[in-house]
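A.B. asks: Based on what follows, work out the 3D shape:
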Amino acid sequence: MVLIRAYELKDREIVLSVMQENIPTYFAQDEQEDLKYYLDFEIEQYFVLEADGQIVACGGINLELEERRGVISWDIVRPAEQGKGHGRKLLEHRIAILKSMPDIDRITVRTSQLTYLFYQRNGFVLNQIVKDYWAKDFDLYSMELSS
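C.D. replies: Residues are numbered from 1 along each chain as shown. Sure thing, here's the model as predicted:
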């Protein structure tokens, strides 16, 4: 059984461990501190996906209302659970939330060269690449959901 629910403070250590499992394959080690800061101070809406009662994926939404934009943020899936559709389900859940908001006209994501194809397969279009943005060898791929 798969359940998507709102992140709770009790999930913090599990979310951080899911990220740690993805370092250095998808995230630079320094990004762990960025995620901690996000969870403690910048979180707006964050979700966890549970499969059989275990958190296997997580991801958030941030709003930039002055730009009428919703931002998909901090998507992470346990390596052993990748390719099972969990990331897609969590992404679709958040896109549906953002599309239901009358003040949001655009949905964007900032990712890397390591995961941009996932977003491309799910309707996002590449707008910009910035070399070594996140860390050395971790480039920024700025993308927007096509309408």
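
A.B. asks: Only C-alpha atoms from now on, for both contacts and neighbour counts.
C.D. replies: OK.

A.B. asks: Just the CA trace of stretch 70-87, in CSV.
C.D. replies: Provided in CSV are the C-alpha atoms of stretch 70-87 (Å, rounded to 0.1, in the frame of the first residue of the first chain):
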residue,chain,number,x,y,z
GLY,A,70,5.0,27.0,-7.6
VAL,A,71,8.3,25.3,-7.1
ILE,A,72,8.8,21.5,-6.8
SER,A,73,11.6,21.1,-4.2
TRP,A,74,13.8,18.5,-2.5
ASP,A,75,12.6,15.3,-4.3
ILE,A,76,14.4,12.3,-2.9
VAL,A,77,13.6,8.6,-3.3
ARG,A,78,15.4,5.7,-1.6
PRO,A,79,17.8,4.1,-4.1
ALA,A,80,16.3,0.7,-3.6
GLU,A,81,12.8,2.1,-4.4
GLN,A,82,13.8,4.0,-7.5
GLY,A,83,12.1,2.9,-10.7
LYS,A,84,8.9,1.8,-8.9
GLY,A,85,6.8,4.9,-9.7
HIS,A,86,7.0,6.4,-6.2
GLY,A,87,8.8,9.6,-7.5
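
A.B. asks: I'd like the average pLDDT over that stretch.
C.D. replies: Mean pLDDT, stretch 70-87: 96.

A.B. asks: List the buried residues in stretch 46-59.
C.D. replies: Tyr46, Phe47, Val48, Leu49, Glu50, Ile55, Val56, Ala57, Cys58, Gly59 (16 or more other C-alpha atoms under 10 Å).

A.B. asks: so where does the residue nearest the centre of the chain fall, helix or strand?
C.D. replies: Nearest to the geometric centre of the chain sits Asp75, at 2.2 Å (C-alpha atoms, centre = their mean). Element membership for Asp75 (DSSP states H and E) is strand 69-77.
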